[in-house]
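Visitor: predicted structure and sequence below. I'll ask about it afterward.
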Amino acid sequence: MANVANKGTFATYSGANLNEIFYEPVFRSDDIMRNYRVLPNVKHKMNVFTSAALTKIVQKYTGCSATSGSTQFNIDEKTITAGRMRVALEQCTDEFFGTYIEEMYKNGADVMNIEGTQLSDAIVNRAVKGIAQDVVRLAWGGDDSTANYQGVTGWMKLMGDDATVLAARTEYSAVAPTAPTAAEALGILRNMYDNAPAALQQVPASDKKIFVTPKTYNAYLSNLEGTSADLAITNQQDGVLVVKFRGVELVPVYEWDTILADLDPAMFLRGGVNGTEGACYCAVENLIIGSDVTDPEGSFKVFYDDLEEKMFFRGYFKLGVQFLYPSLVQWGIFY
């Protein structure tokens, strides 16, 4: 029996086209590539090997048979588990009649089919930006116990469940923890930076980031304005404003506000840390995002349904995150 619903003109993007049009702009965007380490071709699980730093391994030579003082080279591993994710959007095509957008519509029998029009392109571009923001939101706040955060176990939970990371965090008193002043923003950055693990302090400044809440970021900017340090505000890299503290770039994570509003606001890290404002000082290579972005099995479809008179947008991909070394991350929380 023939299908009752007749799907008209449609466009299916997969393989190379999929990457170029949808997922490469997401995973290779400046916001993600500059701040995180992206591993492609993670279809289900990937083991990433780690090893502790070797110290005091150079010793006086006392003969070829001497083994005293030998250091074992231990290799550990962490697993990135990529969950199956999807994007499901739809657009009723008569919504824009009577507006200037109607000029973008086709004529005749295809008037309701916006596929291939500027309006369709605009919706796709909006979807790409939305996916990129959601990747960052899930990378930090993913938690299978919470709706709209399922499918990924994010860095906040992974680090909050790590006793070493949790114990090393610094807490900074603020008059109003939800609205830090300029002086308090500077204070928490100093406190966090000065108490960071030695391994993190030894990483070159260009290979580290300080991720902050938007309020903390803006408060720090206020601290710089009108001073000789104001030059830090005007520096730009590839057209992007670059603000630094002691040579390390500050990155405002606007998705943190969404995460803390959706989840328990007193759980910046999953360990009972009170405070909704703060920062995470970390080596870029320590934060890994894994996805199957180059897997031709992934797909993103845009198609028009004549029966429902709607455009449908469907996307499928894998996503997982992991952090490697507790010694390369330091949290600072206002309380």
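Guide: Happy to help now that I have it. Values in this document were obtained by computation on a predicted structure and should not be read as measured data.
Visitor: wait, isn't residue 140 in contact with residue 256?
Guide: Yes. In this structure, residue 140 is within contact of residue 256 by CB atoms under 8 Å, at 6.6 Å. Where you see a C-beta, it was placed from the backbone N, CA and C, and this is true even at glycine.
Visitor: so who does the closest residue to residue 148 other than its chain neighbours touch?
Guide: Leaving aside its chain neighbours, residue 148 sits nearest to residue 262 (6.8 Å; criterion: CB to CB, 6 or more residues apart in numbering). Counting by CB atoms under 8 Å, 6 or more residues apart in numbering, residue 262 makes contact with 141, 146, 148-149.
Visitor: likewise for residue 212?
Guide: Counted by CB under 8 Å, 6+ apart, residue 212 has contacts 220, 250-253, 278-280.
Visitor: next, format these as TSV and append distance to residue 307 and neighbour count.
Guide: Converted to TSV, these look like this (distance: CB to CB, whole Å; neighbours: other CB atoms under 10 Å):
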residue	distance to residue 307	neighbour count
220	54	25
250	51	22
251	46	20
252	45	19
253	42	23
278	51	29
279	52	30
280	49	27
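Visitor: of all these, which comes closest to residue 197?
Guide: The nearest member of those to residue 197, counting by CB to CB, is residue 280 at 13.3 Å.
Visitor: run through the bridge partners of the closest one.
Guide: Under DSSP bridges, the beta-bridge partners of residue 280 are residue 211, residue 331.
Visitor: what's the answer for residue 287, then?
Guide: Beta-bridge partners, per DSSP bridges, of residue 287: residue 323.
Visitor: touching, it and residue 155? I think so.
Guide: Yes. With contact defined as CB under 8 Å, residue 287 counts as touching residue 155 (6.4 Å).
Visitor: give me the three-state assignment for the residue lying closest to residue 178 once chain neighbours are set aside.
Guide: Nearest residue to residue 178, sequence neighbours excluded (CB to CB, 6+ apart): residue 276, at 5.6 Å. Following DSSP: H, G, I helix; E, B strand; the rest coil, the label given to residue 276 is coil.
Visitor: residue 276 is in contact with residue 177, isn't it?
Guide: Yes. Because the distance of 7.0 Å satisfies CB under 8 Å, residue 276 is recorded as touching residue 177.
Visitor: more neighbours, these two?
Guide: Under the criterion of other CB atoms under 10 Å, the comparison of residue 276 against residue 177 puts residue 276 first, with 23 against 18.
Visitor: ok so, going back, any shared contact partners between residue 287 and residue 155?
Guide: 139, 321, 323.
Visitor: between those, which has the most around it?
Guide: Within those, most neighbours by other CB under 10 Å means residue 321, with 26 neighbours.
Visitor: touching, that one and residue 291? I think so.
Guide: No. If you go by CB under 8 Å, residue 321 and residue 291 don't touch, sitting 9.5 Å apart.
Visitor: by contact count, what packs against the helix or strand where residue 164 lies?
Guide: Assessed by DSSP states H and E, residue 164 sits inside helix 163-168. The contact analysis (3 or more CB pairs under 8 Å, 6 or more residues apart in numbering; DSSP states H and E) places helix 163-168 against helix 155-160, strand 329-334.
Visitor: those helices in the stretch 51-200 of the chain, which residues are they?
Guide: 118-141, 155-160, 163-168, 182-194, 198-201 (DSSP state H, counting those that start in this stretch).
Visitor: mean pLDDT lowest where, among these?
Guide: Among those, helix 118-141 carries the lowest mean pLDDT, a mean of 82.
Visitor: can you list the buried residues in that helix?
Guide: Residues of helix 118-141 classed as buried: 119-120, 123-124, 127-128, 131-141 (neighbour count, 16 or more other CB atoms under 10 Å).
Visitor: mind exporting the C-alpha coordinates of it to CSV?
Guide: Taking Å, rounded to 0.1, in the frame of the first residue of the first chain, the C-alpha atoms of helix 118-141 are listed here in CSV:
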residue,chain,number,x,y,z
GLN,A,118,16.4,32.2,1.9
LEU,A,119,14.0,31.4,4.7
SER,A,120,15.1,27.8,4.8
ASP,A,121,18.7,28.8,4.7
ALA,A,122,18.2,31.2,7.6
ILE,A,123,16.5,28.5,9.7
VAL,A,124,19.4,26.1,9.0
ASN,A,125,21.9,28.7,10.0
ARG,A,126,20.0,29.3,13.2
ALA,A,127,20.0,25.6,13.8
VAL,A,128,23.7,25.3,13.4
LYS,A,129,24.3,28.1,16.0
GLY,A,130,21.8,26.4,18.3
ILE,A,131,23.6,23.1,18.0
ALA,A,132,27.0,24.7,18.8
GLN,A,133,25.5,26.4,22.0
ASP,A,134,24.0,23.1,23.0
VAL,A,135,27.2,21.2,22.5
VAL,A,136,28.9,23.5,25.0
ARG,A,137,25.9,23.4,27.4
LEU,A,138,25.9,19.6,27.4
ALA,A,139,29.7,19.3,27.5
TRP,A,140,29.7,21.2,30.8
GLY,A,141,26.4,20.4,32.4
